[in-house]
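Q: one predicted model, sequence on top.
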Amino acid sequence: MSNAVSTAPGPTAGVRNSKQTEQRKAALAWLTIPALFFFLVFAVIPLAGVLILSFTSWDGIGAIGAAGLDNWFSVLADPGLYNALGLTFLIMIVSWLVQTPISLLLGVFTAGSQRYRAVLAVLYFLPLLLSSAAVAIAFKALLDPNFGLATGLGLPFLAQDWLGVPHLALSLVIFVIAWQFVPFHTLIYQGGVRQIPKSLYEAAQIDGAGTIKQFFHITLPQLKYTIITSSTLMVVGSLTYFDLIFVLTGGGPGNSTRILALDMYLRGFRANLMGPASVIAVILVIIGLALALFLQRLGGKDKQGSQLEGL
Amino acid sequence: MKQPQTSRRNFLALAALTPFAVAATSACGTSGPGASSGNGGASMWFLSGEPNQTNMQKAVDAFNQANPDNKIAITFFQNDAYKTKIKTAIGANQAPTIIYNWGGGTLKTYAEANQVEDLTSWLDQNPDLKKKFFPSTFSAATVNGKIYALPNMYVGPIVLFYNKELFQKAGVQPPKTWDDVMSLVKTFNGMGVAPFSLGGQSRWTSMMWLEYLLDRIGGPDVFKAIFEGKPNAWMDPAVIETGTKIQELVSADGFIKGFSSITADSNADQALLYTGKAAMMLHGSWTYGPMKKDGKNFVQDGKLGFVQFPTIPGGKGDPKNGVGNPANYQSISAKASDKEKESAKKFLKDGIMTDTMIDAYINSGSVPIVNGIESKLNTSPDKDFLNFVYDLAKNAPSFQQSWDQALSPTAAEALLNNIDQLFLKSITPQQFAENMNGTLGK
């Protein structure tokens, strides 16, 4: 029955049936109005505003003047944009590579039911409770080469200039992001693992499959959509890693952690260049859309269907 | 990031929203009284950090008690955060009645956008108020011949501080020339002490080095040409020599390890000096008060030394020249109501530079920008430092305002970014000059 609603009724459908469908469709349309309203107010209108701003010159304080395509040409010719784009994608990819295996394994582990796991799970989830700004301030204080953890514990090898050397700062940013967000994705995987029917494992055990075989042949395939969900959140979310990096490094040293979102902010609110900042914002939107669509395609057309069919 | 749904529309919305969510959270803070203050008085934003925060709070409390109809509501912000917040607030017409600023290029942007009151006629009506301050302090408050801000508080030249104890231990004298600087770097590195403390992540801290070096090498005219936007003004050979000297100093490990990850807002750079981890620090005179307060008895025991910036062999600049902040400034928002403006003017005139406040500034180790304070300075326990600053400010043939304040916000941000890269040696002095040259007139 539910399938009949989503597929268009064929010419052979009864009059009564099609009338019912029409009514249901109308009711569903009304239900979308609140969502559409918020989408309009918080997404479409600001998006249009930013698009318009990207063709103007405005210092954020005085009058707005038309600039034509100047902002676009100047931003696209600016090596700073490509540096920011490269860093954004680098952080996105490395973050995914680091976070996915860790949170997958932790998720599988914490999905078990023994009591000590519950205690560990609480510990794992602690970073999730802290705000990014607090995380950044705490790490900054701990890593201070002169007054930080290294001096406190008397471990001179830890006293690196963590946030002052470009490649160290970048690695550190990726580490702190992982530290903060692995718990969230662990939670997603934990939920995913708990959805897998026990009967699958029981059947595998009868067939003589060990834990590792069970993981690769049951858990991993069953988690396909969980992986896609988690990856989408990671990838799209990585476009907005702003607060943490802003507080931790401010984009520095030099431009070594100046990702796209931060570049937009610094251009707009520090350098008073709202036009070029809006160009970056539009580029961010385009990248975000493209990535989200790409990941949805990865899920395949049958993604709305149940994974449990046939059981 | 926290959207658990997976339908395509939600993702489209999520993807479309994300940049704005960032922009929105940074653009509209929730705190701050905004333009209206409710009780008919005025609102004011000011910088947090001691001892100024307490002093200003006391001034506001005293003023509010005496003027119940013109109460001032004050909110405090950290330095770097404030600089961003105030610009955004002004752009959104959410500015406080009294706008704290540093004069110069930022004030010019405000004035040209008609966001701040023209105070010229008010000052003409109150000649006593105008005559109270050092005349030189008005230049950074003047845009196109009109005065848009009232100078306030104290003068803040950049001073070379040093740790006397470490200098005694090493048996050396404070530097008089650039060669002295380079040889002291060797001496202190040999002792395992960092030669210079620097809060490089704040970037304006590194800028102070360039300001003095350029002045000593090329004289004040080089920056004057830059300020006036003359063609190729940044390509002056003095700029390139300045950059070269900086990179020499960085290469010689002149600055403390990890300087580019230290921020000035936390005063960690000052702590490095008074804890003996660094021997010298080039910083504003405003750090004297905090060091006196936080440095145990470092200042009180006479361990803090201070000298003028050294000379450069063959340089054109007068060694008496100063750089820094001629004063702090307060403007009045043009968008405020008449009643709010009236309260604000009353506070600026009667509330800030009262005798009590002048004494409070002197007690905290600052030199107020008012005339006739010589006798007061001489009775203070900090008279050595106060007289040093007073003479520096008064006798300087040229007193260059801090570059990030003198230039427009756009040029200033480019400057700070390029300085950061210059200190990291990721660009050459030549590239630095070329990059900055592209910002002329912006």
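A: That came through fine.
Q: any idea of the mean pLDDT in the longest helix seen in chain A?
A: Of all the segments of type helix in chain A, defined by DSSP state H, the longest one is helix A:79-110. Regarding helix A:79-110, the rounded mean pLDDT is 93.
Q: how far away from the center of its chain is it?
A: 9 Å (Cα atoms, centre = their mean, to the nearest Å).
Q: and it, what other elements does it pack with?
A: helix A:115-125, helix A:166-195, helix A:224-238, helix A:260-265, helix A:274-299 (3 or more Cβ pairs under 8 Å, 6 or more residues apart in numbering or on different chains; DSSP states H and E). Heads up, the C-betas are built off the backbone N, CA and C, glycines and all.
Q: and the fourth one, what does it pack against?
A: Where contact means 3+ Cβ pairs under 8 Å, 6+ apart, helix A:260-265 is packed against helix A:79-110, helix A:243-248, helix A:274-299, helix B:8-27.
Q: for chain A, what is the nearest residue in the stretch 51-200 of chain B?
A: residue B:113 (3.3 Å; Cβ to the nearest Cβ).
Q: helices of the stretch 251-400 of chain B, residue ranges please.
A: B:268-274, B:288-294, B:338-350, B:355-363, B:374-378, B:383-395 (DSSP state H, counting those that start in this stretch).
Q: got TSV for these, with mean pLDDT and distance to residue A:191 too?
A: Below are the helices of the stretch 251-400 of chain B laid out as TSV (pLDDT from 0 to 100; distance: least, Cβ to Cβ, whole Å):
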stretch	mean pLDDT	distance to residue A:191
helix B:268-274	93	43
helix B:288-294	90	49
helix B:338-350	87	54
helix B:355-363	88	59
helix B:374-378	88	69
helix B:383-395	90	63
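Q: to residue A:249, which of those lies closest?
A: Closest to residue A:249 of the helices of the stretch 251-400 of chain B, according to Cβ to Cβ: helix B:268-274, at 15.3 Å.
Q: check which residues of that closest one are buried.
A: B:268-274 (16 or more other Cβ atoms under 10 Å in any protein chain shown).
Q: near chain A, list only the ones from those.
A: On the criterion Cβ under 8 Å from any Cβ of the partner chain, B:268, B:271-272 are the entries of these that sit beside chain A.
Q: low-scoring stretches of the stretch 1-150 of chain A, by residue?
A: A:1-17 (pLDDT under 70).
Q: residues of it that sit close to chain B?
A: A:39, A:42-44, A:46-47, A:50, A:59-63, A:140, A:143-147.
Q: which among these count as buried?
A: For the residues of the stretch 1-150 of chain A next to chain B, buried by 16+ other Cβ under 10 Å: A:39, A:42-43, A:46-47, A:50, A:59-62, A:140, A:143-147.
Q: longest strand of chain B?
A: Across chain B, the longest stretch assigned as strand under DSSP state E is strand B:154-163.
Q: any idea of the angle it forms with helix B:383-395?
A: In terms of direction (axes from the mean of the first three to the mean of the last three Cα atoms, to 10 degrees), strand B:154-163 departs from helix B:383-395 by 130 degrees.
Q: how about strand B:154-163 and chain A, touching?
A: No: judged by Cβ under 8 Å from any Cβ, strand B:154-163 and chain A are separated, with a smallest distance of 14.7 Å.
Q: ok, then the element right after that strand?
A: helix B:164-170 (DSSP states H and E).
Q: how about residue B:397, what does it touch?
A: Listed by Cβ atoms under 8 Å, 6 or more residues apart in numbering or on different chains, the contact set of residue B:397 reads B:318, B:320-321.
Q: let's see it at 10 Å
A: Applying Cβ atoms under 10 Å, 6 or more residues apart in numbering or on different chains, we find residue B:397 in contact with B:219-220, B:317-322.
Q: quick one: pLDDT of it?
A: 88.
Q: then residue B:8?
A: At residue B:8, the model reports a pLDDT of 43.
Q: find the nearest non-adjacent residue to residue B:430, please.
A: residue B:240 (6.0 Å; Cβ to Cβ, 6 or more residues apart in numbering or on different chains).
Q: surely that neighbour is in contact with residue B:428?
A: Yes: the criterion here is Cβ atoms under 10 Å, and residue B:240 meets it with residue B:428 at 8.8 Å.
Q: more neighbours: which of the two?
A: Each of residue B:240 and residue B:428 has its neighbours counted (other Cβ atoms under 10 Å in any protein chain shown); residue B:240 has more, 19 against 15.
Q: pull out the buried residues from the strand or helix carrying that one.
A: Assigned by DSSP H and E, residue B:240 falls within helix B:237-251. The neighbour-count check on helix B:237-251 (16+ other Cβ under 10 Å) flags B:238-247, B:249-250 as buried.
Q: repeat for stretch B:413-426
A: B:413-424.
Q: wait, residue A:106 sits on residue A:230?
A: No: using Cβ under 10 Å as the test, residue A:106 is too far from residue A:230 to be in contact (11.9 Å).
Q: so for those two, which residues contact both of them?
A: A:185-187, A:189.
Q: can you lay out the residues you listed as CSV showing distance to chain B?
A: What follows is these, written out as CSV (distance: Cβ to the nearest Cβ, whole Å):
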residue, distance to chain B
A:185, 11
A:186, 14
A:187, 10
A:189, 13
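Q: redo the residues you listed as TSV? Include pLDDT and neighbour count.
A: Formatted as TSV, the shared contacts of residue A:106 and residue A:230 follow (pLDDT from 0 to 100; neighbours: other Cβ atoms under 10 Å in any protein chain shown):
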residue	pLDDT	neighbour count
A:185	94	26
A:186	93	26
A:187	91	19
A:189	93	25
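Q: how close does the closest residue to residue A:251 other than its chain neighbours get to residue A:82?
A: Spatial nearest neighbour of residue A:251, chain neighbours left out: residue A:258 (3.7 Å); criterion: Cβ to Cβ, 6+ apart. Taking Cβ to Cβ, to the nearest Å as the measure, residue A:258 falls 12 Å from residue A:82.
Q: who has more neighbours, those two?
A: residue A:258 (22 against 11).
Q: so that one: helix, strand or coil?
A: Per DSSP: H, G, I helix; E, B strand; the rest coil, the local secondary structure of residue A:258 is coil.
Q: grab the nearest non-local neighbour of the most centrally placed residue in chain B.
A: By Cα atoms, centre = their mean, chain B has its centre lying nearest to residue B:325, at 6.0 Å. Using Cβ to Cβ, 6+ apart and skipping the chain neighbours, the partner closest in space to residue B:325 is residue B:156 (3.8 Å).
Q: and that neighbour, what does it touch?
A: Residue B:156 neighbours (Cβ under 10 Å, 6+ apart): B:102, B:283-287, B:322, B:324-328, B:366-367, B:369, B:389, B:393, B:402.
Q: PyMOL command for the buried members of those residues?
A: Buried residues within the contacts of residue B:156, by 16+ other Cβ under 10 Å, are selected in PyMOL with:
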select buried, chain B and resi 102+283+284+285+286+287+322+324+325+326+327+328+366+367+369+389+393+402
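Q: strands - which of the contacts of residue B:156 land there?
A: Per DSSP E, those map to strands at B:283-284, B:322, B:324-325, B:328, B:367.
Q: give me the number of residues near residue B:105?
A: By other Cβ under 10 Å, 21 other residues sit near residue B:105.
Q: residue A:56 and residue A:274 touch, don't they?
A: Yes: contact criterion Cβ under 10 Å: residue A:56 and residue A:274 qualify, at 7.6 Å.
Q: for these two, list the residues in contact with both.
A: A:64, A:71.
Q: which of these two has more residues huddled nearby?
A: residue A:274 (24 against 17).
Q: and the gap between the more buried one and residue B:410?
A: 11 Å.
Q: up against chain A, what does the stretch 301-442 of chain B have?
A: Within the stretch 301-442 of chain B, the positions adjacent to chain A are B:408-414, B:416-418, B:420-427, B:439, B:442 by Cβ under 10 Å from any Cβ of the partner chain.
Q: cutoff 8 Å now
A: Counting by Cβ under 8 Å from any Cβ, the stretch 301-442 of chain B sits next to chain A at B:408-410, B:412-414, B:417, B:420-421, B:424, B:426.
Q: list, one by one, the residues from the stretch 101-250 of chain B near chain A.
A: Taking Cβ under 8 Å from any Cβ as the criterion, the neighbours of chain A within the stretch 101-250 of chain B are B:109-110, B:112-115, B:200-201, B:203.
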